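[1] Generate a structure from the sequence data that follows.
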Amino acid sequence: MKMNPLGRTGIEVSELCLGTMTFGTQTPEEEAHAQIDMALAGGINFVDTAEMYPVNPISAETVGRSEEIIGNWNARTGRRGDYVLATKHSGEGMKHVRDGAPISSKTIAPTIEASLRRLQTDYIDLYQFHWPNRGSYMFRQNWSYDPSKQNREDTLANMEDCLGALQSQVDKGNIRAFGLSNESAWGTAQWLRIAEAAGTPRLASIQNEYSLLCRLYDTDLAELSVNEDVGLLAFSPLGTGLLTGKYQDGAVPEGSRKAISPELGGRHSDRVYGVVAVYLEIAKRHGLDPIHMALAWCRTRPFMTSAIFGATRLPQLEHILKSVDLELGQEVLDEITAAHRAHPMPY
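    Okay, the predicted model is just below:
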């Protein structure tokens, strides 16, 4: 498993990251623990979670359950030092946590302490802000995104305030590094600028959606990533399972995400299945597994630090781990580029 630098932190993470948003709903604790065991045995050293997990469905009653399951594994195995652990602070509008309160210097310390208790650890390697207070164009909000109502001065003051609170957590040893999620190029640039001026924690990574079907990251954020050493942690690299082909021709496998969330977070559309078919045909033409092709393609991107995948069951994880052996040839890459130009943004 190839290791990549996590920004300028000195931490190295595997090119694949085990996502845990199903731990506690679709994935029961015993199987979640077996997934962590298998992932580490397969060369993965990176596990991502969030205080609001599990999802599918999200509920106030299950907030923190995924962290608790990981914490129980930490306590049972004593292997906390064997991997890099990332979690997230829920942001404004995430109504199931703190009634959707915004992230501020007042929320950071108690939220981190709560995550530490659930995770049964003394430190979090990467602490991420899950959603910008000012809003985001992610999760299909790009179609109507309007930043004109933002208050620039308030946004920048909040960033400076939060970075000061994060520095206190670094000083205490509670966190090692800082990351963002669902962020924009402008927001990321401001976090970097303010941190540099104040000497507070420098941004290490951005966790945004990215796959063959969702390539919003390819322009301004790609340039920022490369020039500022702030790599992408790509979530939904398989397009919430669409790129596996399992939802083609109206299929809805029992226990799948689509069985629980038919709209797939806004990814279900009239166009998407036809576009998926194009990528499935590329894989078939070259004798490739479509899951392996989609993940191997992520590795070719110049800004990619790690691709975060979710596996509801162990056989899925075992299959995903085999993707690291695949290197895509130029002919395949050219066909993928042509497909994207012909079918951009299918949702």
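[2] Can you show me the helices along the stretch 201-347 of the chain?
    In order along the chain, the stretch 201-347 of the chain carries the following helices (DSSP state H, counting those that start in this stretch): 220-228, 257-260, 272-285, 290-299, 314-321, 330-342.
[3] From G231, how far off is the closest residue to E15 other than its chain neighbours?
    Nearest non-adjacent residue to E15, counting by C-beta to C-beta, 6 or more residues apart in numbering: K2, 4.6 Å away. To be clear about C-beta, it is placed using only N, CA and C from the backbone, and glycine gets the same treatment. Using C-beta to C-beta, to the nearest Å, K2 is found at 13 Å from G231.
[4] Neighbour count for those two, which is higher?
    A direct count of neighbours by other C-beta atoms under 10 Å for K2 and G231 places G231 higher, at 23 against 11.
[5] Distance of that one relative to Q190?
    18 Å.
[6] and what of L213?
    29 Å.
[7] Can you classify V13 as helix, strand or coil?
    strand (DSSP: H, G, I helix; E, B strand; the rest coil).
[8] tell me which residues in stretch 58-78 are buried?
    Counting neighbours by 16 or more other C-beta atoms under 10 Å, one finds that the buried residues in stretch 58-78 are 58, 62-74.
[9] go on, stretch 312-327?
    By 16+ other C-beta under 10 Å, the buried positions in stretch 312-327 come out as T312, Q316, L317, I320, L321, S323, V324, L326.
[10] Please name the residues that touch the fifth one.
    I take that to be L321. The neighbourhood of L321, defined by C-beta atoms under 8 Å, 6 or more residues apart in numbering, consists of L16, M38, A39, G42, G43, I44.
[11] Also the third one?
    Contacts here follow C-beta under 8 Å, 6+ apart; on that basis L317 touches L18, Q35, M38, A39, A311.
[12] Surely the first one and A307 touch.
    The reference is to L18. No. Taking contacts as C-beta atoms under 8 Å, L18 lies outside contact range of A307: 10.7 Å.
[13] quick one: the residue nearest to the spatial centre of the chain from I308, how far?
    Most central in the chain under C-alpha atoms, centre = their mean is F235, positioned 3.6 Å from the mean C-alpha point. The gap separating F235 from I308 is 5 Å, by C-beta to C-beta.
[14] what residues are shared contacts of the two?
    G19, Q207.
[15] all helices of the stretch 1-150 of the chain, in order?
    29-41, 65-77, 105-119.
[16] Export these as a markdown table, with columns for mean pLDDT and distance to A283.
    Formatted as a markdown table, those follow (pLDDT from 0 to 100; distance: least, C-beta to C-beta, whole Å):
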| stretch | mean pLDDT | distance to A283 |
| --- | --- | --- |
| helix 29-41 | 98 | 24 |
| helix 65-77 | 98 | 31 |
| helix 105-119 | 98 | 37 |
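[17] follow-up on the earlier one: nearest to G287, of the buried residues of stretch 312-327?
    L326 (10.9 Å; C-beta to C-beta).
[18] So for that closest one, what's the pLDDT?
    pLDDT recorded at L326 is 98.
[19] Next: Q190.
    98.
[20] same thing with E92?
    pLDDT, E92: 89.
[21] That one: how many residues sit nearby?
    18.
[22] what do you get for V252?
    Neighbours of V252 (other C-beta under 10 Å): 13.
[23] Provide a list of residues in contact with it.
    K258, A259, P262.
[24] Pull out the buried residues from those residues.
    By 16+ other C-beta under 10 Å, the contacts of V252 give K258 as buried.
[25] Just the closest of the contacts of V252 to L203, please.
    Nearest member of the contacts of V252 to L203, counting by C-beta to C-beta, is K258, at 34.0 Å.
[26] Okay, the closest one and L216: tell me how far apart.
    Distance from K258 to L216, by C-beta to C-beta: 22 Å.
[27] Over to T22?
    Here T22 is placed at a distance of 24 Å from L216 (C-beta to C-beta).
[28] In terms of packing, which of these two has more residues around it?
    Using other C-beta under 10 Å, the more surrounded residue of T22 and L216 is T22, with 23 against 16.
[29] More neighbours: which of L213 and Q190?
    Comparing L213 with Q190 by other C-beta under 10 Å, the one with more neighbours is L213, at 25 against 18.
[30] got a list of what the more buried one touches?
    By C-beta under 8 Å, 6+ apart, the neighbours of L213 are G239, L242, L243, R267, V272, V275, V276, P346, Y347.
[31] The same query, at a cut-off of 6 Å, please.
    For L213, the contact set (C-beta atoms under 6 Å, 6 or more residues apart in numbering) comprises G239, P346.
[32] unless I'm mixing things up, D48 is touching M21, no?
    No. Using C-beta atoms under 6 Å, D48 is not in contact with M21; the gap is 8.6 Å.
[33] what about the two, which has more around it?
    D48 (28 against 22).
[34] now the more buried one, which residues is it bridged with?
    Using DSSP bridges, the beta-bridge partners of D48 come out as G19, A86.
[35] Per-residue pLDDT of it, please?
    99.
[36] All further residue positions should be reported with the first residue as 796.
    New numbering, starting at 796: the last item is D843.
[37] The nearest residue to M796 once chain neighbours are set aside - how many residues pack around it?
    Closest residue to M796 apart from its sequence neighbours, by C-beta to C-beta, 6+ apart: G838 at 3.0 Å. As a burial measure, G838 scores 14 neighbours (other C-beta under 10 Å).
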